[in-house]
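Student: Fold the following, please.
(one chain, ligands or ions: 1)
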Amino acid sequence: MLDELGLADHYVPGRLGGKLVDHLGSSLMIRAVARRDLTVAIAHAKTFLGAVSVWLAGGESQCRWLAREIRDGRLVAWGLTERDHGSDLFACELTATPHDEAWRLDGEKWLINNATRAELVCILARTSPRGGPLGFSLFLVDKRRLESSDHGCLPKVRTHGIRGADISGIRFTGAAVPVGALVGDIGRGLYVVLESLQLTRTVCTVLSLGAADHGLRIAAQFTRGQARSTSRILGEAAALRLLAEATAIVALRSIHAFPEEMSVIAAVAKGFVPTAVDLLLGRLGPLLGAVAFVADRSPHGAFEKLERDHRIVALFDGSTAVCQAALIAQFPTLAEGYGTAAARDRLASASCLASPLPEFDPAALRLSSPGCTLLAALPELIAELHGLTASGELPGRVLALAITLESATAALHRELGALVPAVRQIPTAHFALARRYELCFAAAACLNLWARNRHLPWARNRQLPGLRSDTAWLEGALVVALRLLGVRVTAEAGTSLDELARRAAGPGGEAAVSLLGANVGSEL
Ligand SMILES: Cc1cc2nc3c(=O)[nH]c(=O)nc-3n(C[C@H](O)[C@H](O)[C@H](O)COP(=O)(O)OP(=O)(O)OC[C@H]3O[C@@H](n4cnc5c(N)ncnc54)[C@H](O)[C@@H]3O)c2cc1C
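Tutor: This is a model prediction of the structure:
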């Protein structure tokens, strides 16, 4: 049904006849599926991950051909990982060697989503025996054109969650693929993968948002059926979802507004959103009590499956540790830029849903970012918020939380500036700094989204979902972010979480405490 509805068009760039023009809009389609069933969303959206390297580095005719294949319903898998090497792509052993005006593939990719079902697989292969940064290349392999004797799909792996997905692998033994299968230049494979991951990691955050929507929906329904008063846990969970949602929205719009900063933004988004949603689901479990443990066909019976399914999102496409390591490597640059106001227009474009997004420029992606404008401009935003409190638009209580956030963010940047970069193994303390960085980013995303969208109509225009203009959501999100940062907030500020819980359990349910609400994926 999703194929018939044309969901795959959202994996194909607009210039190639698809509907991928705005990465936020297309990702919200995936979220609309994920909020019903995460496994289906993961299995379907995988084609975007498989194709993205071709969109970034493929030749024009290769791009046009792949666009047609995807729009005709063909699946594309992405084969990076190997059995013995996890996320260490430099260690990959599968080789591609020139042979009789073709390439000969030998080796295995394992734990690959849709390796069996997909007609096409984008494979990372070693093209120089020495390996290294220029030792790998990408190939778009058409399985239908291979001899059956020179390749084989590996058995489906039994997994803890997403059991309905085809998690398998593929083995090549002298498989000949045509020269036209090469994606981009020989030896540039790792560079293309690292740039592709900046897009896919950002898009994957909507899988977690869908899971959060689903979990909150189950919890809100459950709470309504209870005689007891609404639990604050529901409010905390709603606030976590708001932080995750704000991060994802700003990150997805940043693909257009700040492509050169995506090496930081994607790492923050993928490092933060899935773990925030794991935390959210972990909080809802005790709220649901025994029903969270029962796998029956009742509305609550889906919770245990959801919890199992979601575990994978923090793991694949760059685990939390891998994303945080990518962020840590950029700490020295990030420390320098704090407080320098720049690119005000582009920041507004990343956060204001009414402002048109610039066309995505793949050539602007960088492996290392010149900074992070969202956080660098936080002091400037706080100065603006003072004015909004003076004019009565922002309660003083919320301004106080925003000022506390800025102090915590400034202190973090001072620590980053004093850090001695690790030469070999990254110390555990640096990962704790990365988590703090993510939380500051998420809270700053909330502040920017509120400030830039507070005049937009909420849920009136189905083409352009407006953000909530009130400050209860903002206050709740800031309270939870500050607590996770280890900052004490007043008991009074905590009552905003009761308000979020009341709204979530009331009419409109969990959508009433979502930034984009019921409009998510309404086109679908
Ligand atoms: C259901 C499922 C579907 C998948 N689908 C695909 C797919 O379609 N295509 C594909 O190519 N792969 C796929 N994978 C593979 C997946 O991307 C890898 O398993 C993933 O990158 C994590 O690697 P790892 O945990 O196996 O090993 P490793 O990355 O080696 O991790 C081992 C341990 O080291 C830690 N670690 C790793 N790197 C660092 C670091 N830099 N700093 C600190 N600690 C670190 C990890 O946190 C972990 O504790 C899939 C995996 C699963 C389970």
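Student: The residue nearest in space to the middle of the chain is in what secondary structure piece?
Tutor: Centroid-nearest residue in the chain, with C-alpha atoms, centre = their mean: T205, separated by 2.4 Å. If you go by DSSP states H and E, T205 is part of helix 189-224.
Student: That helix: how far from the chain's middle?
Tutor: A distance of 5 Å separates the centroid of the chain from that of helix 189-224, by C-alpha atoms, centre = their mean, to the nearest Å.
Student: Repeat that for stretch 323-341.
Tutor: Relative to the centre of its chain, stretch 323-341 is centred 19 Å away, using C-alpha atoms, centre = their mean.
Student: does the ligand sit close to it?
Tutor: Yes: counting by C-beta under 6 Å from any ligand atom, the ligand has neighbours in stretch 323-341: A325. (Glycine included, C-beta is placed from N, CA and C.)
Student: avg pLDDT for that stretch?
Tutor: For stretch 323-341, mean pLDDT rounds to 93.
Student: Quick check: buried residues in that stretch?
Tutor: Neighbour-count burial for stretch 323-341 flags 323-331, 334-335, 337-338 (criterion: 16 or more other C-beta atoms under 10 Å).
Student: on that earlier part again, the helix holding T205 near the ligand at all?
Tutor: No: using C-beta under 6 Å from any ligand atom, helix 189-224 stays clear of the ligand, with a minimum separation of 9.4 Å.
Student: wait, isn't the residue nearest to the centre of the chain in contact with T247?
Tutor: Yes: when contacts are counted by C-beta atoms under 8 Å, T205 is listed as touching T247 (7.0 Å).
Student: Could you tell me which residues touch both of these two?
Tutor: Residues touching both T205 and T247 (C-beta atoms under 8 Å, 6 or more residues apart in numbering): A269, V273.
Student: give the contact list for K109.
Tutor: G79, L80, T81, E82, L94, A115, V121, I123, G169, I170.
Student: helix/strand/coil for it?
Tutor: Following DSSP: H, G, I helix; E, B strand; the rest coil, K109 is assigned to strand.
Student: In terms of pLDDT, where does it sit?
Tutor: At K109, pLDDT is 98.
Student: Excluding chain neighbours, what is closest to A408?
Tutor: Nearest residue to A408 in three dimensions, chain neighbours excluded: L485, at 5.3 Å (C-beta to C-beta, 6 or more residues apart in numbering).
Student: Count the residues that sit near the one you found.
Tutor: By the criterion of other C-beta atoms under 10 Å, L485 has 18 neighbours.
Student: Could you measure from it over to C323?
Tutor: Using C-beta to C-beta, to the nearest Å, L485 is found at 19 Å from C323.
Student: now the buried residues of stretch 323-341 in TSV, with secondary structure?
Tutor: Formatted as TSV, those follow (three-state DSSP):
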residue	secondary structure
C323	helix
Q324	helix
A325	helix
A326	helix
L327	helix
I328	helix
A329	coil
Q330	coil
F331	helix
L334	helix
A335	helix
G337	helix
Y338	coil
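Student: Give me every residue in the stretch 301-450 of the chain lying close to the ligand.
Tutor: Taking C-beta under 6 Å from any ligand atom as the criterion, the stretch 301-450 of the chain approaches the ligand at residues I312, L315, F316, S319, A321, V322, A325, I426.
Student: residues contacting the residue nearest to the centre of the chain?
Tutor: By C-beta under 8 Å, 6+ apart, the contact list for T205 reads S27, A244, T247, A248, A251, L252, A269, K270, V273, P274.
Student: On the three-state scheme, the residue of the stretch 1-150 of the chain found nearest the ligand is what?
Tutor: Of all residues in the stretch 1-150 of the chain, the one sitting closest to the ligand is G86 (2.2 Å; C-beta to the nearest ligand atom). Put simply, G86 is coil when judged by three-state DSSP.
Student: From E108, how far out is it?
Tutor: G86 sits 14 Å away from E108, going by C-beta to C-beta.
Student: Using PDB, list the CA coordinates for the helix or strand of the chain with the lowest mean pLDDT.
Tutor: Least confident helix or strand, the chain: helix 491-505 with a mean of 88, by mean pLDDT, DSSP states H and E. Taking C-alpha atoms only, helix 491-505 is exported to PDB below (Å, rounded to 0.1, in the frame of the first residue of the first chain):
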ATOM      1  CA  ALA A 491       9.600  23.300  41.900                       C
ATOM      2  CA  GLU A 492       7.300  25.900  40.300                       C
ATOM      3  CA  ALA A 493       8.900  25.300  36.800                       C
ATOM      4  CA  GLY A 494       8.200  21.600  37.200                       C
ATOM      5  CA  THR A 495       4.500  22.200  37.200                       C
ATOM      6  CA  SER A 496       4.700  22.800  33.400                       C
ATOM      7  CA  LEU A 497       5.200  19.000  33.200                       C
ATOM      8  CA  ASP A 498       1.900  18.500  34.900                       C
ATOM      9  CA  GLU A 499       0.300  20.700  32.300                       C
ATOM     10  CA  LEU A 500       1.900  18.700  29.500                       C
ATOM     11  CA  ALA A 501       0.600  15.500  31.100                       C
ATOM     12  CA  ARG A 502      -2.900  16.900  31.400                       C
ATOM     13  CA  ARG A 503      -2.800  17.900  27.700                       C
ATOM     14  CA  ALA A 504      -1.500  14.600  26.600                       C
ATOM     15  CA  ALA A 505      -4.200  12.700  28.500                       C
END
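Student: What number of residues are in the vicinity of the closest residue to D106 other than its chain neighbours?
Tutor: Spatial nearest neighbour of D106, excluding adjacent residues (C-beta to C-beta, 6+ apart): T95 at 5.2 Å. For T95, the neighbour count with other C-beta under 10 Å is 17.
Student: likewise A504?
Tutor: Count around A504 with other C-beta under 10 Å applied: 26.
Student: From A445, how far off is it?
Tutor: 21 Å.
Student: Would you mark the buried spots in stretch 492-505?
Tutor: When burial is assessed from 16+ other C-beta under 10 Å, stretch 492-505 yields the following buried residues: 493-505.
Student: ok, those residues vs G215, which is closest?
Tutor: Distance to G215 across these (C-beta to C-beta) is lowest for A504, with 11.2 Å.
Student: what's near enough to touch the residue nearest to G371 when sequence neighbours are not counted?
Tutor: Closest residue in space to G371, ignoring its immediate chain neighbours: G337 at 3.7 Å, by C-beta to C-beta, 6+ apart. Counting by C-beta under 8 Å, 6+ apart, G337 makes contact with P370, G371, C372, A376.
Student: and if you look at P332?
Tutor: Listed by C-beta under 8 Å, 6+ apart, the contact partners of P332 are L416, L419, P421.
Student: Likewise for L199?
Tutor: Taking C-beta under 8 Å, 6+ apart as the test, what L199 contacts is H23, V52, L56, I255, M262, A266.
Student: By neighbours, which of these wins?
Tutor: Highest neighbour count within these, by other C-beta under 10 Å: A266, with 30 neighbours.
Student: so that one touches S196, yeah?
Tutor: No: with contact defined as C-beta under 8 Å, A266 does not reach S196; the gap is 10.3 Å.
Student: Quick one: low-confidence residue ranges for the protein.
Tutor: Counting by pLDDT under 70, the ranges of the chain that qualify are 227, 229-230, 341, 457-469, 517-524.
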